[in-house]
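Kindly return the folded structure for what I paste below:
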Amino acid sequence: MNLNNISALRNLSALVDFSNLINSSLDVNFTLNNLLLTCFSKLLTTKGLIALRNENGIFEIKISKGFNKELIESFPVISSVYCEDDIEIKAFINKFDIKMFKCINSSNNTLGFLMLGDKLSKKPYEEDDYDFLTTLLNIAASSIENSMVVEKLKILNRNLDSKVNQLSSLFDLSKEFSGILEVSRVGKLLVFSIIGQLMVSKYAVVYFEGNQIDIIESKYNTDFIAKHINADCYCNLTNPIEREYLHSDLVENGVELIIPMNIKGETKGLIILGKRFNKLPYSQSDIEYISSVSGLAIISIENGRLFKEALEKQKYEKDLEIARNIQHNLLPQKVPKTNHFDIATYTQSARQVGGDYYDLVKLDKTKTLFAIADVSGKGVQAALLMANMQAFLKSICKQNIPLDQASNLINDLVSENTTMGSFITFFWGTLNDETLEFEYVNAGHNPPLLIRNGQITKLKKGGMILGVMETIIPYVSETIQLQKDDLIVLFTDGISEAMDMENTEYSDERLEEIVLANTDKSSGELIKIINDDVKVFTKSAEQSDDITLLIIKIK
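Numbering: from 1, shown residues only. Below you'll find the model as predicted:
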C-alpha cells in the first residue's frame with residue numbers, strides 16, 4: 001500500500017472519528033473546540049480561530065487558540081453574505097499573516113469561517129490539506145447549524161418560562177388588586193410585585209390629580225420627583241420611555257425607565273424605575289410585564305379614588321353613586337377607528353347601575369378586540385362584578401394569548417372571585433382590519449346574529465357560562481371570513497326579554513325580523529331602530545333588565 005493510500009485512510013479515519021464525536025453533542029462550543037483541535041492535530045498548526053454569524057448577521061469570533069490579544073481586538077465587523085470576498089477580511093488576513101481561510105457553508109448560507117496560522121513545519125498547505133479541511137467543514141457545518149438551532153430553542157424556552165411565570169404572577173395580582181380600594185395598599189402591592197420580579201433598586205409611583213401629582217410610593221427624594229415630574233408634561237404619555245430617551249437630569253439621578261399608567265387612553269400616573277440590582281437592562285418582556293401590572297394597579301387606584309369620593313356624598317345614595325361612577329369610567333369612551341368596520345354601541349341600565357358590560361380594545365394596528373357580557377342580577381353587586389370582569393379582560397388581552405386559551409383563564413379568574421349563584425354570560429372576539437377575519441368565543445351568552453345575504457347565522461361556538469366552576473372542558477373558538485355588507489348584532493337579554501304591561505316578551509324572533517328588514521342601514525341607525533321598536537313594544541312598562549347593544553357592519 002503506497003503512502004498516498006495510507007494518508008487517505010488516516011484522513012478518512014479522522015473524519016469518521018470527528019463526525020462521531022461532534023454528533024454526540026448539540027453544544028456549539030463543543031463542536032467548535034473539537035473542530036479546531038482536529039485541524040491542529042491533522043494539519044500540524046497551533047493557531048486558529050472560528051467566527052460564526054450572529055442573529056444580527058455579523059460575524060464574531062466564537063473560539064480562538066494561539067493568536068494574540070491584538071488580533072482578537074482587531075477583528076473587523078463583517079456582515080458580507082460571502083465573507084471570502086470581503087475587503088476587511090482580506091486586509092485582516094494580510095496583516096496577521098493568516099495562511100488558511102475557509103468558509104463554513106450550510107445548504108442555505110454561510111455560517112462562518114475558519115482561519116489557521118502557519119504549520120509547525122512552515123511548509124505551505126497542500127492540496128490534500130485543502131481537501132481534508134473542506135470535507136471536515138462540511139461535516140461540521142451540519143452539526144454547527146443544528147447546535148445553533150438548539151441554542152435558539154433554549155433561549156425561546158427560557159423566554160417562554162419567563163412569560164409563564166409573569167403571567168402566573170399577573171393572575172395572582174389581578175385577584176389581589178381587584179380586592180383593594182385603598183390607594184396606599186395598591187401602591188405597596190404594585191411596588192412589591194415589581195421589586196420581586198425585577199429586583200429594582202429605586203422606584204416611585206405617582207398619580208395625577210388634575211395638574212397635581214400625588215406621590216404614592218417613592219425611594220427617590222420627593223423634592224426631586226416634584227421638581228422633575230410634571231403632570232402637564234406626562235399627561236399624554238402612552239408608551240414607556242427608556243434611558244436613552246430620558247432627560248439628562250433624570251438619568252443623572254438614576255432613573256432608567258418610566259412607564260405610564262393608562263386607563264381608557266388617559267395617562268393617570270407613572271411608574272419610575274431605577275437600576276436593577278443585577279445591573280441588567282430592562283428587556284422588552286420586563287417592560288410588558290410592568291405595563292400589565294400598571295394596568296391592574298391603575299384600575300384599582302381609580303376604583304379606590306371613586307369609592308373615596310363617593311363615601312363623602314350623602315349616605316342614602318352612597319352605594320349606587322359609587323357603582324355608577326365605576327361603571328361609567330370602565331366602559332369605553334369612544335369606538336376605535338378602523339378602515340373596514342362600522343361599529344356602534346348602546347347601553348342602558350335598568351337602575352342607576354347595572355350588570356351589562358361591553359368593551360372595545362385596539363390590540364394593534366390591525367386587530368380590535370370586542371366583548372359583551374351580562375352579569376347575573378342587577379344593581380351594586382352586579383356592577384362590581386362587572387368591574388372585576390373588565391379588570392380581568394384588560395390584563396389578559398395584553399398577553400397575546402390565543403382567544404380560546406384566554407377564555408379558559410378568564411373563566412378561572414371569574415370563578416375564583418364570585419360568590420355562589422353569581423355568573424356571567426360572555427361573548428368576545430377579534431376583528432382583523434386587514435384580512436377581515438373574525439374569531440370569537442361564546443361563553444353561554446345570547447348567540448349574536450351574523451347576517452349575510454338575508455340569512456341569519458347564530459354564533460354559538462364556545463363553552464359554558466363564566467363563574468360557574470373552574471374550566472374542565474376547554475373553550476373552543478371559531479374563525480369566520482367576513483364579507484362586505486355582513487352584519488353582526490350582539491345584544492344582552494334585556495332586549496329579547498323586554499316586557500310589555502302584560503308581561504309578554506319582545507322575543508328573539510321579533511329582533512331577528514327587524515334586523516333582517518334593515519340590513520341596509522348603518523350600525524348607528526340600526527341601534528336606534530331596535531331601541532325605538534323596543535320602546536314601542538314595552539310602551540310605558542318599567543325597564544325590567546339592563547340593555548346593551550353592540551353592532552358591527554362590514555363596510
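
where along the stretch 351-500 of the chain do the strands fall?
Listed in chain order, the strands found in the stretch 351-500 of the chain under DSSP state E, counting those that start in this stretch are 356-362, 367-375, 424-432, 437-443, 449-452, 455-458, 462-463, 478-481, 487-491.

ok now the fourth one, how far from the chain's centre?
Spelled out, that is strand 437-443. Once both centres are worked out by Cα atoms, centre = their mean, to the nearest Å, strand 437-443 turns out to sit 19 Å from its chain's centre.

Now that strand: buried residues?
Of the residues in strand 437-443, those buried by neighbour count under the rule 16 or more other Cβ atoms under 10 Å are 438-443. Quick note: C-beta positions are derived from backbone N, CA and C, even for glycine.

would CSV of those with distance to residue 220 be doable?
Output for these, formatted as CSV (distance: Cβ to Cβ, whole Å):
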residue, distance to residue 220
438, 47
439, 44
440, 46
441, 44
442, 48
443, 45
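
Identify, from those, the entry nearest to residue 450.
Nearest to residue 450 out of these is residue 438 (Cβ to Cβ; 8.5 Å).

Run through the bridge partners of that closest one.
When assigned by DSSP bridges, residue 438 has beta-bridge partners residue 431, residue 480.

where does this structure dip in pLDDT?
For the chain, residues meeting the criterion pLDDT under 70 lie at 1-24, 79-85, 158-159, 161-181, 311-328, 351-354, 378-380, 420.

Next, count neighbours for the nearest residue to residue 335 once chain neighbours are set aside.
In space, and not counting its chain neighbours, residue 335 is closest to residue 343: 4.9 Å by Cβ to Cβ, 6 or more residues apart in numbering. Counted with other Cβ atoms under 10 Å, residues neighbouring residue 343 total 19.

Return the set of buried residues in whichever strand or helix holds residue 343.
Assigning secondary structure by DSSP states H and E places residue 343 in strand 341-348. Of the residues in strand 341-348, 341-347 count as buried by neighbour count, 16+ other Cβ under 10 Å.

Could you let me know which of the buried residues of strand 437-443 ends up closest to residue 40?
Using Cβ to Cβ, those come closest to residue 40 at residue 439, 58.1 Å.

Help me confirm that the closest one comes into contact with residue 478.
Yes: with contact defined as Cβ atoms under 8 Å, residue 439 counts as touching residue 478 (7.1 Å).

Any idea what residue 488 is bridged to?
Residues in a beta bridge with residue 488, per DSSP bridges, are residue 450, residue 552.

what's near enough to touch it?
When contacts are counted by Cβ atoms under 8 Å, 6 or more residues apart in numbering, residue 488 is found next to 438, 448-451, 459, 551-553.

sorry, back to before: what are the pairing partners of the strand holding residue 343, and which direction each?
According to DSSP bridges, the neighbouring strands of strand 341-348, each with its direction, are strand 547-554 (antiparallel).

now the partner strand, how far from the centre of its chain.
Averaging C-alpha coordinates over strand 547-554 and over its chain gives two centres that are 27 Å apart (Cα atoms, centre = their mean).

And stretch 434-443, by the same measure?
Stretch 434-443 has its average C-alpha position 18 Å from the chain's average C-alpha position, going by Cα atoms, centre = their mean.

Contacts for that stretch next, please.
Taking Cβ under 8 Å, 6+ apart as the criterion, the residues outside stretch 434-443 that touch it are 340, 366, 403-404, 407, 411, 424-432, 448, 459-466, 475-483, 488, 554.

before we move on, the earlier item: of the buried residues of strand 437-443, just say which sits nearest to residue 257.
Comparing every one of the buried residues of strand 437-443 with residue 257 (Cβ to Cβ), the shortest separation belongs to residue 439, at 33.9 Å.

Kindly provide the distance from that closest one to residue 451.
Here the distance between residue 439 and residue 451 works out to 19 Å (Cβ to Cβ, to the nearest Å).

before we move on, back to that, now render the contacts of residue 488 as TSV, adding distance to residue 115.
Written out in TSV, the entries for the contacts of residue 488 read as follows (distance: Cβ to Cβ, whole Å):
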residue	distance to residue 115
438	57
448	66
449	70
450	65
451	69
459	64
551	68
552	62
553	65
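
re earlier: which two among the buried residues of strand 341-348 are spaced furthest apart?
With distances taken as Cβ to Cβ, the most widely separated pair in those is 341 and 347, at 19.0 Å.

Drop anything exposed from the contacts of stretch 434-443.
Neighbour counting over these (16+ other Cβ under 10 Å) leaves 403-404, 407, 411, 424-432, 448, 459, 461-466, 475, 477-478, 480, 482, 488, 554 as the buried ones.

which stretch of helix or strand covers residue 192?
Secondary structure from DSSP H and E places residue 192 in helix 183-198.

who touches the following helix or strand past that helix?
Next in sequence after helix 183-198, counting helices and strands by DSSP H and E, comes strand 203-209. Outside of strand 203-209, the residues that reach it under the criterion Cβ under 8 Å, 6+ apart are 183, 187, 190-191, 194-195, 213-220, 225, 229, 231, 234-235, 261, 267-274, 297, 301.

could you flag which of those are buried?
Going by neighbour count (16+ other Cβ under 10 Å), these have 183, 187, 190-191, 194-195, 213, 215-218, 220, 225, 229, 231, 234, 261, 267-274, 297, 301 buried.

Select from those residues every entry located in helices.
By the criterion of DSSP state H, membership of the buried ones among the contacts of strand 203-209 in helices covers 183, 187, 190-191, 194-195, 225, 231, 234, 297, 301.

Including distance to residue 455, could those go into TSV?
Putting these into TSV (distance: Cβ to Cβ, whole Å) gives the following:
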residue	distance to residue 455
183	53
187	54
190	51
191	56
194	52
195	57
225	61
231	54
234	52
297	47
301	48
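
With respect to residue 134, which of those is nearest?
Taking Cβ to Cβ as the measure, residue 134 sits nearest to residue 194 out of those, at 54.6 Å.
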